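**Student:** Here you go, sequence then predicted model.
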There are 4 protein chains.
Amino acid sequence: MTQPEPHFLSHPFDDDKLKEECGVFGVIGVTDAANFVALGLHALQHRGQEAGGIVAHDPEKGFNSAHRFGYVRDNFTKASLMETLPGPLAIGHVRYSTAGKKAAVIRDIQPFFGEFSMGGAAIAHNGNLTNAEALRRELIEHGAIFQSGSDSECIIHLMARSFQKTHADRIADALRRCEGAFSVVAMTRTKLIGVRDPLGVRPLVLGRIGDNGYVLSSETCGLDIIGAHFVREIEPGEMVVIQDGKIESARPFHQASPRFCIFEHVYFSRPDSIIGGRSVYETRRQIGVELAREAPVEADLVCPVPDSGTPAAIGFSQESGIPFALGITRNQYMGRTFIEPTEQIRNMGVRLKLNVNKSLVKGKRVILVDDSVVRGTTSRKIKEMILDAGAAEVHFRIASPPTAWPCFYGVDTPDRNKLLAAKMTEDEMRDWIGVDSLKFISLDGLYRAAGEANGRNNACPQYCDACFSGEYPVVPSDQIEKGFEMKTQEAAE
Amino acid sequence: MTQPEPHFLSHPFDDDKLKEECGVFGVIGVTDAANFVALGLHALQHRGQEAGGIVAHDPEKGFNSAHRFGYVRDNFTKASLMETLPGPLAIGHVRYSTAGKKAAVIRDIQPFFGEFSMGGAAIAHNGNLTNAEALRRELIEHGAIFQSGSDSECIIHLMARSFQKTHADRIADALRRCEGAFSVVAMTRTKLIGVRDPLGVRPLVLGRIGDNGYVLSSETCGLDIIGAHFVREIEPGEMVVIQDGKIESARPFHQASPRFCIFEHVYFSRPDSIIGGRSVYETRRQIGVELAREAPVEADLVCPVPDSGTPAAIGFSQESGIPFALGITRNQYMGRTFIEPTEQIRNMGVRLKLNVNKSLVKGKRVILVDDSVVRGTTSRKIKEMILDAGAAEVHFRIASPPTAWPCFYGVDTPDRNKLLAAKMTEDEMRDWIGVDSLKFISLDGLYRAAGEANGRNNACPQYCDACFSGEYPVVPSDQIEKGFEMKTQEAAE
Amino acid sequence: MTQPEPHFLSHPFDDDKLKEECGVFGVIGVTDAANFVALGLHALQHRGQEAGGIVAHDPEKGFNSAHRFGYVRDNFTKASLMETLPGPLAIGHVRYSTAGKKAAVIRDIQPFFGEFSMGGAAIAHNGNLTNAEALRRELIEHGAIFQSGSDSECIIHLMARSFQKTHADRIADALRRCEGAFSVVAMTRTKLIGVRDPLGVRPLVLGRIGDNGYVLSSETCGLDIIGAHFVREIEPGEMVVIQDGKIESARPFHQASPRFCIFEHVYFSRPDSIIGGRSVYETRRQIGVELAREAPVEADLVCPVPDSGTPAAIGFSQESGIPFALGITRNQYMGRTFIEPTEQIRNMGVRLKLNVNKSLVKGKRVILVDDSVVRGTTSRKIKEMILDAGAAEVHFRIASPPTAWPCFYGVDTPDRNKLLAAKMTEDEMRDWIGVDSLKFISLDGLYRAAGEANGRNNACPQYCDACFSGEYPVVPSDQIEKGFEMKTQEAAE
Amino acid sequence: MTQPEPHFLSHPFDDDKLKEECGVFGVIGVTDAANFVALGLHALQHRGQEAGGIVAHDPEKGFNSAHRFGYVRDNFTKASLMETLPGPLAIGHVRYSTAGKKAAVIRDIQPFFGEFSMGGAAIAHNGNLTNAEALRRELIEHGAIFQSGSDSECIIHLMARSFQKTHADRIADALRRCEGAFSVVAMTRTKLIGVRDPLGVRPLVLGRIGDNGYVLSSETCGLDIIGAHFVREIEPGEMVVIQDGKIESARPFHQASPRFCIFEHVYFSRPDSIIGGRSVYETRRQIGVELAREAPVEADLVCPVPDSGTPAAIGFSQESGIPFALGITRNQYMGRTFIEPTEQIRNMGVRLKLNVNKSLVKGKRVILVDDSVVRGTTSRKIKEMILDAGAAEVHFRIASPPTAWPCFYGVDTPDRNKLLAAKMTEDEMRDWIGVDSLKFISLDGLYRAAGEANGRNNACPQYCDACFSGEYPVVPSDQIEKGFEMKTQEAAE
């Protein structure tokens, strides 16, 4: 059972900054809103698997909440729990699993709740505040008691110190102090509120359900699962306040040129979600098409690295005419890392998750299509498995440019010195992984696949692509204070 | 905001008793202090059975904590948990089960922790602040975000807003704003701190362990279990700060005449604890002696209502010469309330916990000695059991005066209109319970048993006896705001 | 939480012979019989704390069962579980905790169930079969597949091989092959069956409930808790078959002179139970009276070793005139052994359970009354605690004769060489324990206290007292095969 | 007798599929064999998700076992559990979830263990005995006590009654009494034993690991995960006995013409397993090729019903030239059935698992390729989802012939009257599902795809295809006794 281990709770006051990729969801105007939130979070589970939380409000029973480690399906499916979350208004959050980091605690699970003089409010945040540490220090100096290690808690404390009269105005006040990426879903006793940062780095969409209900979700797949209709995206820099079936829109921030995260297209979002009017699946397939044009190679089979490489592999096969085949099988029961109990079988690693279809690849020249290369260690193991199975040649094609810079806007990335592409050229990476060829899609190719027919506008890029380009649209001030070195002008040129 | 907990939590024993709300414990200067705290809390478990928490500090691993519902023995005995609480300094808290109240949440379990600009600190509080609601409102208006429903959290927020430079000074600052009863144990990275309110309503004692170690405990039985030596009681209004084997004592409050809770002698404290130089067991036995003098009756047997009536029953037997006998047997496996699964057997109630020794009481005139009468419902059931078993006469003797007023200083009492003695005279109570006679010890008799040879000094009572007398040494301002009516001068006379 | 540890299940096919002390209970003719069985087992929890099981039969839903590690109160109180055990007929079993032995498995928990050609039947057994190993070997040779390590499973396999036509006749057939002690409660789809071995070593009583219901219970305290009326004891060698409100009695065994276990009076049974028309409490108090006559000593206080020494201490005090006092306090939250997490505090041992009331015993000559001495290690620790507290003299008085022989009839005793009384004289024991005096009650004194005015009839003892006398009423054949040496005729004389 | 289990256990995925009932695995001659068994069972998890068990033998610590509900990854990954299963020899079993049947009990989880006069033995069985009920009745009449509801337990009891001297001979004796399908893995203290029934209905393969180790596994994917080398398949009717690195082969049964289950190719086996020298993936792709030839249709997209329809959809696309696309996305966190908590959202059903990629299918003519149609209910729901998303036409192509007969050889199939193809013609099914066209592959086409170039040899079919043809190679005698009607000769013609 994917149940939280009690010892996860052992380090409660840890102030380690977690920069998680998350999913947020909220519903207003339906019976038992928390049930819908549970379903929505289930659909957004790919955005965060460590933990989930729901806060609901009922006119009679007030605010109620539940925060749990583990999958939505294992927690928020029990009638005994869901009955404790009554009411027509609820929000929820799923949180990324911080494997390898310090154990997280239940106090870190969002939504966060605060009791204000005008009543309670809860918020759920997807993204990362790049000035959170400075804000935190400042707030503590002025008497704030932090309960979690999460930077998102700053928002609640900033709200508590605002002089505004309404929750919505206090949220706007608080977020104006925040730098970085934030898609926020919040609730009061009567209102559902959604906000996106001025650059719109993380997604947030609006849907309609039933006669009088509205939904906010990180992705459209969260609307589909509950049968809600897609209305529109919340715009970069917009705040919507929904009450009694009516929506008010405001623009609390200085205007900026939008920079949506292009990695949402490459990997984060679900393939059946629609972003900016484009199917994520189709964008990924198109990356494969572009890749086949940019980096063709003679071969017998195009195999995806399951499952995220599949759409690009289909596109590559269709453009190149080389047959598509499932040369690598994923073990579908591999929910969490299988703990190898003894030294003897410790180095099986990737075999627990993947198996090569030997009779298929034996003697063949194989193109492997993967979504990205981070540390490169998995690529090496997959290459070994394929060669062990008797492949004649192995060619890697990567559906994203080299990942050479860490993300500070809500994605958990290794330190820069752990990123393979930060240390090696493409040829060096090819040799280190040990394959016959290795090619990444170009940044322009990626932009074309994402719908920008003319590629990247270098003067004013249409997306945030900092992880590839090193061009950070918001200065990561906390990181710089800790010694992170941004790309110099010369290097950029 | 209420959060459901997966565990079933009912309060463990008799719901017709007054309940002590908490026990506090702290150790400094030993290896693995948390282990000692676990043992100390185990010895103080009678002061609170719902939940327990420990915070420990290690110079290398910083602050760590664990908060758990359930008994100390079921949680803080696992090596896997205790290993997460390293270091030479730790404090802990056990908390009473609030059956019938809103479901408790893990965030309500103490010790509470706060990160301050000069470093973290944790506090554990036994008692109750009579102005907590006013403080809470004020703090929220000034930007405090409360995480628990516990009034004790006010202390942390008051500390956060203090301008003092040291934790100890901030604790003093905070507690000077607090009214009511508080015995506080606190810790910083290097210091163990103990404070008692000016009246010294709740107990707190100091012990010594090993070469260099010190202990703070609600009662002396917490010292005994770890082999610590009793040094002295922390005095009413005193604050001690212990560091590096040295103790500094301060007096941060205005001086007042002490008013220790007399009910600690009657029921709350463990019989093997020593308070004010007196054995609690001996005081209780002496109450029985006084009671036999004040309210003699001809009978065949003196039986205690187990287990809290036993010492007084022994005293009554010794003074009266009537044989002592265990006419009622307690089921020792009755840890928590047995949930009667069907209507059919719902009204067995007290039988699950107690059974009458039929062949012993049959045809006998029985004196039952109990510590107190609260609602009176249990007394009625016990009377029925004894009569069913064939007793010829039943005489109740109660080791405390009639409980006619609620306690606001850290004891869970029913509303005044639920207290039998607030609604009836002694004779009416006798008839309602349905026994041949019913007598309570007098207030003076109780004071004599507690060592005051001349009884109660009505001009300046030596103890807090508000639950009997209605004379509240600290004005319960929150309660008055909610409509509680104090005894008028005339009524008092 | 007293929850079974999963690793208890790790050694399933262990054939270690467990000789447990157990409790059995059965009800017929009531609605939801399993609820009554749960209550009955709760009252019998002192006879076995490791595990419990219930089998119920419903005309529509057939046989259902639940077997759980842990206390009755923690398992058989959940509506979700009890609802799975419907029907008017149910039996149950509680089993002793085999601390220090190999981990038990869920398959060892009774009642055992067998599907026979004439329908299913379940049995619960209190006692021990002294020829179980021989039976087991024989059954395996003839094709039986054992599922548990429990000897009681032999009964089911013997039943399966019987040629009798009814379950009751098969039970009789099976038990005629069994030697040793057995009080058995069994059920078929329509009948509740009770059997006691010819010597009647273990208790079994019959009660009546409601208009048409009957109850079988190890002790009368199991009747009291559900409001059933005591009818009579099942007689040694008797089998009762209860169906449709009617009882048939049979005598399937050769007649023998009864030998009820005298240790049930001394320690096993609950003080509020009635055995052979005598209150167990009263017998124990009388042991104290006899002891005061046999082994008087000048002292200031008589203190029981809690809780089992209490009735004898009361008797001792009453006979001697020396005041009774609770000099040792038991921690009532000490449900299971507290695991001392570190070496440092490992040797606190008994302090976790007991604490001496220092101010009471200081400077006093103290008589400690305990029910028995087995290994003697606990006696030594208690002596140390009392001396540490400043007692002037310590005198042990033991409410049973020296335990010098192991029991093979259903009680878990250490090997003979671990029994202090098997290795030392009374004086040697006194010196080893380190007290001023140590006296055991004589065997005759014990018999007198148990109602035999003339003491023990050595020609034909009225009780089984093998643990004291070494005279085994049934030859322990399995043990002799394994090398156990019985007392020689000379030694006996 | 049914025993409730605390865990909720529903079957994990689609309830409109046929379910393989088990997987078996065994290893000898390695350190800590149980770890390898855990990995092997993890690779075989698709054959049974309800529960798993492992028995291991260590020369010093004897037999140990663990049986658990839930996934292998959630149980047999904990060091604390695996340490209890030491030794160089172990076998294991995974079992299918019997949703809708009586609650399963832990006693039903294999391997089963029996203590015989020549020592213990454990067996794990994949398949189903068609005369199990008759055997069970007979065994009970002769004194066997069954502990589980599993027919496989008959094998242990038959062994116990055999007069043979060795375990292996007793297994052969027992299996000669058994009719139906069985692939058995067994172990004694020193031997690993594998047996396949004379028809070889279920798979069983032999592998080699390390210098001296051997492996038995239901499928080759179980060898791959532990790095074992495939040696050969155990032949139909063969028994192998492995000890000290040596293999002995025997033929204990009458010879028969093999009839391997063709549905293993269609659905049950993992796509990366190799059966009869053929890649399962490749056979499935080839089914798609045959299907495109037999039942072509003009369309814009070929979409698999995930995940089992994918290889056939790839083959269909490749043969037809119609682009392959992932039009339906599976929620990868859908491990087990999500319990819809309220009526309101109960009819979302399949949406929790699947979502249509709207922008992809809108306005398109879509071919959906699925592996089989059982009840047809899922097909209807998927059709609705596709039409809701705006598809212009929907054409179903099924990678197996109509499933018109239940399987009695180890696969969980609905009763015949629940099978859509037993009640309707192809055209009626098309209309009932509501699609533009519906075509199944022919039986000959399926045989061709499975490597039989000339299709099915009707005189002597190469495979067991009873679920399609109604021709049962072993008479299902238990079922016939219960009223099942086999196809009459006329109907067959």
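**Tutor:** Good, I have the coordinates.

**Student:** Please enumerate the helices of the stretch 1-150 of chain A.
**Tutor:** Per DSSP state H, counting those that start in this stretch, the stretch 1-150 of chain A has helices spanning A:33-43, A:72-75, A:79-82, A:132-141. These are given in chain order.

**Student:** Figure out which of these is closest to residue D:289.
**Tutor:** Across the helices of the stretch 1-150 of chain A, the minimum distance to residue D:289, taken as C-beta to C-beta, is reached by helix A:33-43, at 34.8 Å. To be clear about C-beta, it is placed using only N, CA and C from the backbone, and glycine gets the same treatment.

**Student:** Could you give the separation of the closest one from the chain centroid?
**Tutor:** Shown here is helix A:33-43, whose average C-alpha point lies 18 Å from the average C-alpha point of the whole chain (C-alpha atoms, centre = their mean, to the nearest Å).

**Student:** and what of stretch A:106-115?
**Tutor:** 19 Å.

**Student:** Let's see the distance spanning it from one end to the other.
**Tutor:** From its first residue to its last, stretch A:106-115 covers 19 Å (C-alpha to C-alpha, to the nearest Å).

**Student:** what about it and chain B, any contact?
**Tutor:** Yes: under the criterion of C-beta under 8 Å from any C-beta of the partner chain, chain B is reached by stretch A:106-115 at A:106-107, A:113-115.

**Student:** quick one: which of those is most hemmed in?
**Tutor:** By neighbour count, taken as other C-beta atoms under 10 Å in any protein chain shown, the most surrounded of the residues of stretch A:106-115 next to chain B turns out to be residue A:114 (24 neighbours).

**Student:** Isn't it up against residue A:154?
**Tutor:** No: shown here, residue A:114 and residue A:154 do not form a contact pair, counting by C-beta atoms under 8 Å, at 11.6 Å.

**Student:** rewinding a little: if you compare the helices of the stretch 1-150 of chain A, which one is most tucked away?
**Tutor:** With neighbours defined as mean count of other C-beta atoms under 10 Å in any protein chain shown, the helices of the stretch 1-150 of chain A peak in mean count at helix A:33-43, which reaches a mean of 30.

**Student:** near chain D at all, it?
**Tutor:** Yes: applying C-beta under 8 Å from any C-beta, one finds that helix A:33-43 is in contact with chain D at A:35-36, A:38-39, A:42-43.

**Student:** Which residue ranges of the stretch 201-350 of chain A form strands?
**Tutor:** Secondary structure of the stretch 201-350 of chain A (DSSP state E, counting those that start in this stretch): strands located at A:205-209, A:213-217, A:229-233, A:239-243, A:246-250, A:260-261, A:274-275, A:278-279, A:301-304, A:328-330.

**Student:** Could I get those strands in a markdown table, plus columns for distance to residue A:133, mean pLDDT and mean neighbour count?
**Tutor:** Compiled in a markdown table, these are given as follows (distance: least, C-beta to C-beta, whole Å; pLDDT from 0 to 100; neighbours: other C-beta atoms under 10 Å in any protein chain shown):
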| stretch | distance to residue A:133 | mean pLDDT | mean neighbour count |
| --- | --- | --- | --- |
| strand A:205-209 | 30 | 98 | 21 |
| strand A:213-217 | 28 | 98 | 28 |
| strand A:229-233 | 30 | 97 | 14 |
| strand A:239-243 | 25 | 98 | 22 |
| strand A:246-250 | 29 | 98 | 12 |
| strand A:260-261 | 22 | 96 | 24 |
| strand A:274-275 | 31 | 94 | 22 |
| strand A:278-279 | 36 | 92 | 19 |
| strand A:301-304 | 40 | 98 | 27 |
| strand A:328-330 | 39 | 92 | 22 |
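
**Student:** ok, the residue of the stretch 351-493 of chain A found nearest chain C - how many residues close by?
**Tutor:** In the stretch 351-493 of chain A, the residue that lies nearest chain C is residue A:352 (22.7 Å; C-beta to the nearest C-beta). The local packing count at residue A:352 equals 20, with neighbours defined by other C-beta under 10 Å.

**Student:** how close does it sit to residue D:210?
**Tutor:** From residue A:352 across to residue D:210, the span is 19 Å (C-beta to C-beta, to the nearest Å).

**Student:** one step back: which pLDDT value goes with the residue of the stretch 351-493 of chain A closest to chain C?
**Tutor:** At residue A:352, the model reports a pLDDT of 78.

**Student:** swap in residue A:71?
**Tutor:** The predicted structure scores residue A:71 at 88 on the pLDDT scale.

**Student:** re earlier: need the strands of the stretch 201-350 of chain A in CSV (columns: distance to chain B).
**Tutor:** Conversion of the strands of the stretch 201-350 of chain A to CSV gives the following (distance: least, C-beta to the nearest C-beta, whole Å):
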stretch, distance to chain B
strand A:205-209, 25
strand A:213-217, 21
strand A:229-233, 30
strand A:239-243, 21
strand A:246-250, 24
strand A:260-261, 30
strand A:274-275, 34
strand A:278-279, 39
strand A:301-304, 40
strand A:328-330, 33
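
**Student:** want to throw those into JSON lines with distance to residue D:333?
**Tutor:** Formatted as JSON lines, the strands of the stretch 201-350 of chain A follow (distance: least, C-beta to C-beta, whole Å):
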{"stretch": "strand A:205-209", "distance to residue D:333": "20"}
{"stretch": "strand A:213-217", "distance to residue D:333": "16"}
{"stretch": "strand A:229-233", "distance to residue D:333": "22"}
{"stretch": "strand A:239-243", "distance to residue D:333": "28"}
{"stretch": "strand A:246-250", "distance to residue D:333": "31"}
{"stretch": "strand A:260-261", "distance to residue D:333": "22"}
{"stretch": "strand A:274-275", "distance to residue D:333": "20"}
{"stretch": "strand A:278-279", "distance to residue D:333": "21"}
{"stretch": "strand A:301-304", "distance to residue D:333": "20"}
{"stretch": "strand A:328-330", "distance to residue D:333": "14"}
